[in-house]
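K.L.:
give me a 3D structure for the following:
(chains A, B, C and D)
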2 protein chains.
Amino acid sequence: MRGARSRAEILKIAMRLASREGLEAISIGRIAEKVGMSKSGLFGHFKSKENLQREILETVADRFAKRVFVPAMKEPRGLPRLKAIHQNWIRWIQGSQDFPGGCPLIAAASELDDQPGLIKDYLKEKQLLLIHNLQKAAQLTKDEGHFHADVDVERLGWYWYSLILGYHHYKRLLNHPRADEFAEHAFDELLQRCQKKELSS
Amino acid sequence: MRGARSRAEILKIAMRLASREGLEAISIGRIAEKVGMSKSGLFGHFKSKENLQREILETVADRFAKRVFVPAMKEPRGLPRLKAIHQNWIRWIQGSQDFPGGCPLIAAASELDDQPGLIKDYLKEKQLLLIHNLQKAAQLTKDEGHFHADVDVERLGWYWYSLILGYHHYKRLLNHPRADEFAEHAFDELLQRCQKKELSS
DNA sequence: TAGCAAACCGAACGGTCGTGCGGTAATCTT
DNA sequence: AAGATTACCGCACGACCGTTCGGTTTGCTA
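P.N.:
Numbering: from 1, shown residues only, chains lettered A, B, ... in the order given. This next block holds a predicted model:
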């Protein structure tokens, strides 16, 4: 089937465009132009703009998992794996060549947080899954004995995510020179505090 | 001049709309409809959409200062003032009736972080000012002796902002039941850590 | 009260949007 | 090789976009 390769290529380009301009701001016409095919030809692949948006989001989420979580699974469970996830995540935000516009998931989150609909539900589901995976990795770290037994993994997950958001904000919007330093330092502190009695519920 | 009141009313309604749909997504026609006047009549007040967007942002920033910083200035400098700022900020995010769509500044930040232009520059300037004010309040706390002398106020500012972003994310997108608890707890911890030797550069 | 500036309107412009249709060319199935 | 399915195209639609313009109403000033 010739369409499959074309479809993947469309999504890759659309993803790149959406990372710069936002999921709602992109238009089918401009994607088509960039891909090098007609508007109606592209439209035929997805049967509505909403479908296209959902598939873009899906493509991004897949890529995120492949870049951040999958490689970290090769590290032994516990602290090494946690650190690998964090490092991959930071690198992801620093912007592989694929996303000139920062993490599309974070961008989409603030873009959609107040207009209900299929896309928002889908995004929320993906975010919950991401957080669940963070917490699972943290739970394993507890089980391995690398963390204090009283650590509240849900709270750790929130801390972790917050510092990622802060990093993203300082880095991408403000171009703050100390963004990398802050994020790295904060994550180390967070891990250390989890080894002591702090961060319990 | 009859136009002044009308102008303020337009901005108030436009601000509300922009908080839900984003600064780029709003259209002059829909704002005009909601205000109850003609598209061209509204357009006459601002002479371009970009001007309108900038003025919306300005309105939001003014209101933010008035709700978050100004009331906190009545508290004595140092810890009490810091806590007041935080409390007001949290309340601001919880969404006064004015913003059904979460903090427009945060929303605009992710929306604009990758498309350069006047609006982004303006937003960035406002964000830097906000951070500067946070740091100034923290510096005063140091001067009052409420914090350890080695505290790195720039780093504290980043921590503070990060937890606000995390709160916003968990609260508005995910409707997480523990969002308030996490944010409150984290801020208390942050203050405590600033009183010890931690959080130095 | 005359005159003027500003607020506001309706209509229209060129443009882009998402979407649908009919037709052609390529590919797969049998 | 015949037939069915699919990819893709050009074209056109109705709707909405930001913006402009000429004309009417309103409120202030002299």
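
K.L.:
tally of neighbours for residue A:171?
P.N.:
21 (other Cβ atoms under 10 Å in any protein chain shown). No exception for glycine: its C-beta is placed from N, CA and C like everyone else's.

K.L.:
apart from its chain neighbours, what residue comes closest to it?
P.N.:
Among residues not flanking residue A:171 along the chain, residue A:179 sits closest, at 4.2 Å (Cβ to Cβ, 6 or more residues apart in numbering or on different chains).

K.L.:
tell me the helices in chain A, going along the chain?
P.N.:
Per DSSP state H, chain A carries helices over the ranges A:2-21, A:28-35, A:39-45, A:49-64, A:70-72, A:79-95, A:104-112, A:118-143, A:153-168, A:179-195.

K.L.:
please state the offset of the last one from the chain centre?
P.N.:
How far helix A:179-195 lies from its chain's middle: 19 Å, per Cα atoms, centre = their mean, to the nearest Å.

K.L.:
ok so, going back, got a markdown table for the helices of chain A, with mean neighbour count and distance to residue B:72 too?
P.N.:
Output for those, formatted as a markdown table (neighbours: other Cβ atoms under 10 Å in any protein chain shown; distance: least, Cβ to Cβ, whole Å):
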| stretch | mean neighbour count | distance to residue B:72 |
| --- | --- | --- |
| helix A:2-21 | 17 | 37 |
| helix A:28-35 | 16 | 45 |
| helix A:39-45 | 14 | 52 |
| helix A:49-64 | 18 | 39 |
| helix A:70-72 | 15 | 42 |
| helix A:79-95 | 19 | 32 |
| helix A:104-112 | 24 | 25 |
| helix A:118-143 | 17 | 32 |
| helix A:153-168 | 24 | 22 |
| helix A:179-195 | 18 | 24 |
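
K.L.:
figure out which of the ones you listed is closest to residue B:90.
P.N.:
helix A:153-168 (13.8 Å; Cβ to Cβ).

K.L.:
surely residue A:146 touches residue A:139?
P.N.:
No: with contacts counted by Cβ atoms under 8 Å, residue A:146 stays clear of residue A:139, the gap being 11.3 Å.

K.L.:
up against DNA strand C, what does chain A have?
P.N.:
Within reach of DNA strand C by Cβ under 7 Å from any atom of the strand, chain A has these residues: A:1-2, A:26-30, A:39-40, A:43, A:47-50.

K.L.:
nearest to DNA strand D, out of those residues: which one, please.
P.N.:
Nearest to DNA strand D among these is residue A:40, at 2.9 Å by Cβ to the nearest atom of the strand.

K.L.:
show me what contacts that closest one?
P.N.:
Applying Cβ atoms under 8 Å, 6 or more residues apart in numbering or on different chains, we find residue A:40 in contact with no residue.

K.L.:
the one 10 residues further on too?
P.N.:
Applying Cβ under 8 Å, 6+ apart, we find residue A:50 in contact with A:117-119.

K.L.:
dump those residues to JSON lines, plus pLDDT and distance to chain B.
P.N.:
Converted to JSON lines, these look like this (pLDDT from 0 to 100; distance: Cβ to the nearest Cβ, whole Å):
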{"residue": "A:117", "pLDDT": "90", "distance to chain B": "12"}
{"residue": "A:118", "pLDDT": "91", "distance to chain B": "15"}
{"residue": "A:119", "pLDDT": "94", "distance to chain B": "12"}
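
K.L.:
return the member of the residues you listed nearest to DNA strand D.
P.N.:
Nearest to DNA strand D among the contacts of residue A:50, with distances taken as Cβ to the nearest atom of the strand, is residue A:117, at 17.6 Å.

K.L.:
the closest one: neighbouring residues, count only.
P.N.:
11.

K.L.:
separation between it and residue A:172?
P.N.:
26 Å (Cβ to Cβ, to the nearest Å).

K.L.:
same question for residue A:39.
P.N.:
From residue A:39 to residue A:172 the distance is 31 Å (Cβ to Cβ).

K.L.:
likewise residue A:21?
P.N.:
For residue A:21 relative to residue A:172 (Cβ to Cβ), the value is 14 Å.

K.L.:
now residue A:55
P.N.:
25 Å.

K.L.:
quick one, what contacts residue A:183?
P.N.:
Going by Cβ under 8 Å, 6+ apart, the list of residues near residue A:183 reads A:90, A:163-164, A:166-167.

K.L.:
quick one on the thing from earlier: can you redo the contacts of residue A:50 as TSV with distance to residue B:16?
P.N.:
Shown next, in TSV, are the contacts of residue A:50 (distance: Cβ to Cβ, whole Å):
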residue	distance to residue B:16
A:117	19
A:118	24
A:119	22
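
K.L.:
near DNA strand D too, which of these?
P.N.:
Counting by Cβ under 7 Å from any atom of the strand, no member of these is near DNA strand D.

K.L.:
from these, which is closest to residue A:78?
P.N.:
residue A:119 (36.2 Å).

K.L.:
what lies in contact with stretch A:83-96?
P.N.:
Under Cβ under 8 Å, 6+ apart, the answer for stretch A:83-96 is A:64, A:67-69, A:71-72, A:74-75, A:102-103, A:134, A:137, A:160, A:164, A:167-168, A:171-172, A:180, A:183-184, A:187, A:191.

K.L.:
and if we set it to 6 Å?
P.N.:
The contact list for stretch A:83-96 (Cβ atoms under 6 Å, 6 or more residues apart in numbering or on different chains) reads A:67-68, A:72, A:75, A:103, A:168, A:187.

K.L.:
alright, I will stop here.
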